[in-house]
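In: Pasting the sequence and the predicted model now:
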Amino acid sequence: MKTFLVTGGAGFIGSNFVLHLLGTRDDVRVVNVDALTYAGNLENLASLEGNPNHIFLHADIRDRDAMAQALTQYQPDVVVNFAAESHVDRSIENPGVFADTNVMGTVNLLTCCRAAWDDGKGGFGDHRYLQVSTDEVYGALQIPEAVNPDGSPADPAGATYFHETTPLSPHSPYSASKASADFFVRAWHDTYGFPSVITRCSNNYGPYQFPEKLIPLMIHNALLHRELPVYGDGLNVRDWLYVEDHCRAIELVAEHGRLGEVYNVGGHNERSNMYIVRTIISEVRQATGDAAITENLIRHVTDRKGHDRRYGIAPNKIREELGWEPQTRFEVGIKKTIRWYLDNPEWVEHVTSGAYQQYYERMYAGR
Ligand code: NAD
Ligand code: DAU
């Protein structure tokens, strides 16, 4: 049995990762550490109830004693750190908690792993640590002069992309905190020989994503005939990856990536926000037969401060070194995602009651 200690495993990508590991392998045990912030939801893991290979620990990655104890008690072979504050708009509103969790939490986890894994001779045995980072640490790219109607580059070969060697240039408090964490992970490797790897993925979408992020927010609002708030001109471009593809990439890099390296993860699914919103409108209307879901719901609202214009990942390294390929094209993944939200109204209802309404008012009223 191999033991993975996964942090943030009750969040969107973390819970998909835990479900992926335990759903595809019988040689793994998962210790799932999550502080259950507004973004953590044990309902995501309901199908694992009674599964002896899933152990949930309600704990904070900033808590030195709790992390040291978990590492001693469960002796994980691999640690995957998903735990983070992850929403850019919240980081603009309240940056401090992003520094606390994303930077100091990571430093604490690194410190505890190093202490637990040190073999006394400068080595760390076969242990491995994966830091789940983001393409946002690279900053923003320009939109190419010629783009397709969906926002993707008309001449992909002539467009610029984020490579692992692209200098870090974060703009938001969120991306600054993630970049800072990446520097600490690299420092642990370069200074102590700590066995770490970093993945930097583009925008994810799929089941269990909290409806503060673009895709689930637009699906949720469309179903309620609420306005669809598009920031600025809506021509910003993101590179969308179905969450299951990201989970397979993390599994591969965690076990087989070269230590000290960074691996970009993305599937060349660049789309403008307007294209995404229009696609959601037409797919939700088709799936529900609700003729009131039309483009009249779109409302352009005040732009996000410091809004990055375009992200685009070059995933060559992970493909060439580890043979990873994305399996779900955007047009397929978006249909699956909408179907999941339609089939899980209780999940949506639970996460959007209470505090979510206050968040929505604060973020969107009068914008
Ligand atoms: P999320 O906000 O859905 O989930 C974060 C999880 O971390 C929640 O379960 C939360 O309870 C937990 N958490 C927060 N603070 C914690 C703490 N101090 N201790 C323990 N647990 C804590 O986030 P997500 O979208 O699933 O993102 C997961 C990771 O992937 C993040 O590190 C994020 O930066 C990165 N990432 C996200 C995307 C994306 O598109 N969502 C893309 C690339 C990388
Ligand atoms: O690129 C990876 C990153 O993707 C992750 O590191 C982050 O954790 C994740 O939140 C995501 O960041 P973005 O800021 O790109 O995602 P978000 O869903 O918030 O926004 C996507 C785009 O849609 C962005 O250009 C802003 C725009 N937007 C978003 C919301 C919530 C709108 O136009 N209206 C909205 O209401």
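Out: Right, received. Where do you want to start? Residues are numbered from 1 along each chain as shown. Ligands and ions are numbered 1, 2, ... in the order given.
In: which bits of the stretch 51-200 of the chain sit near ligand 2?
Out: 86, 87, 88, 134, 135, 136 (C-beta under 6 Å from any ligand atom). Where you see a C-beta, it was placed from the backbone N, CA and C, and this is true even at glycine.
In: Mind checking which of these land in strands?
Out: Among these, the ones falling in strands (DSSP state E) are residue 134.
In: helix, strand or coil for the nearest residue to residue 295 once chain neighbours are set aside?
Out: Nearest non-adjacent residue to residue 295, counting by C-beta to C-beta, 6 or more residues apart in numbering: residue 281, 5.9 Å away. Residue 281 falls in the helix class when you classify it by DSSP: H, G, I helix; E, B strand; the rest coil.
In: How about the contacts made by residue 281?
Out: 218, 222, 228, 293, 294, 295, 297, 298 (C-beta atoms under 8 Å, 6 or more residues apart in numbering).
In: can we see that at 7 Å?
Out: 222, 293, 294, 295, 297 (C-beta atoms under 7 Å, 6 or more residues apart in numbering).
In: now do residue 114
Out: Taking C-beta under 7 Å, 6+ apart as the criterion, residue 114 is in contact with 188, 192, 194.
In: Then residue 159?
Out: By C-beta under 7 Å, 6+ apart, the neighbours of residue 159 are 144, 153, 312.
In: Quickly name whichever of these is closest to ligand 2.
Out: Using C-beta to the nearest ligand atom, residue 312 comes nearest to ligand 2 of the contacts of residue 159, at 10.3 Å.
In: Spit out the contact partners of that closest one.
Out: 141, 159, 161, 162, 239, 270.
In: Inside helices: which ones of these?
Out: The helices, defined by DSSP state H, take in nothing from those.
In: Neighbour-wise, give me the winner out of those residues.
Out: Comparing the contacts of residue 312 by number of neighbours (other C-beta atoms under 10 Å), residue 270 comes first, having 30 neighbours.
In: quick one: residue 193 and residue 122 touch, right?
Out: Yes: here residue 193 reaches residue 122: they are 6.4 Å apart, a contact under C-beta atoms under 7 Å.
In: residues in contact with stretch 9-23?
Out: Applying C-beta under 7 Å, 6+ apart, the contact partners of stretch 9-23 are 4, 6, 8, 28, 30, 32, 34, 36, 39-42, 44-45, 48, 51, 53-54, 82, 204, 206-210, 243-244, 246-247, 250-251.
In: Near residue 60, how many residues? Count them for me, please.
Out: For residue 60, using other C-beta under 10 Å, the count is 19.
In: Please report how far it lies from residue 196.
Out: 21 Å (C-beta to C-beta, to the nearest Å).
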